[in-house]
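Q: Output the structure for:
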Amino acid sequence: MNPSPEDLEKLIHKALRALPEQSAPQGLESRVFAELARRAALPWWRRSYLQWPLAVRVGFVILSAAACAALIGAWILIGRSGALAQVASQFGQDFQWLAVARSVGSSLLQAGAEIVRSVPPLWFYAALAALAACYATLAGVSAAAYRAFSPTR
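A: Model (predicted):
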């Protein structure tokens with residue numbers, strides 16, 4: 001007969017109450033307080049952003065927003081002028097090998113797509129099944145090796 005959830009809760013509560021109190025390892029308290037003191041002694045700029053002084057946080061947000069606005073404005077100005085087209089044409093002349101590499105890569109991708117299309121779908125399903133079987137075998141062998149070679153508690 002299965003106990004009700006309330007009975008199970010009472011049983012677990014009673015078992016946990018019967019356990020002895022656990023004490024912290026020696027020296028843990030001193031190490032914790034030493035770490036807290038070390039963190040408290042850090043200068044404000046080495047602490048978390050939320051621990052910075054309010055004026056510095058506000059200034060940081062304002063300066064960051066101004067830098068973003070300046071970058072966006074510069075990008076718009078460069079886009080409207082003919083400088084961007086000049087840079088693109090100069091880049092194209094200096095790096096013609098990129099166009100060749102792009103066409104070679106495109107040709108390789110098209111050839112790979114043709115090869116994949118010519119393989120029957122059943123072969124893909126068989127390969128996926130084999131891969132899943134290999135993965136399951138690896139998991140099983142790993143679990144068996146862990147149980148065989150790990151010390152029992």
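
Q: Please parse this protein into its domains.
A: Following automatic domain parsing, the chain resolves into domains at 34-81, 120-153.

Q: okay if I get these as JSON lines plus mean pLDDT, distance to residue 100 and mean neighbour count?
A: In this view, the C-beta of every residue, glycine as well, is placed from N, C-alpha and C. Listed next are the domains of the chain as JSON lines, based on pLDDT from 0 to 100; distance: least, CB to CB, whole Å; neighbours: other CB atoms under 10 Å:
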{"stretch": "domain 34-81", "mean pLDDT": "92", "distance to residue 100": "28", "mean neighbour count": "10"}
{"stretch": "domain 120-153", "mean pLDDT": "92", "distance to residue 100": "33", "mean neighbour count": "9"}
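
Q: Would you format these as a markdown table with distance to residue 3 included?
A: Shown next, in a markdown table, are the domains of the chain (distance: least, CB to CB, whole Å):
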| stretch | distance to residue 3 |
| --- | --- |
| domain 34-81 | 45 |
| domain 120-153 | 27 |
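
Q: and of those, who's closest to residue 16?
A: domain 120-153 (19.2 Å; CB to CB).

Q: Report the contact partners of residue 44.
A: By CB atoms under 8 Å, 6 or more residues apart in numbering, residue 44 lies in contact with 51-53, 56.
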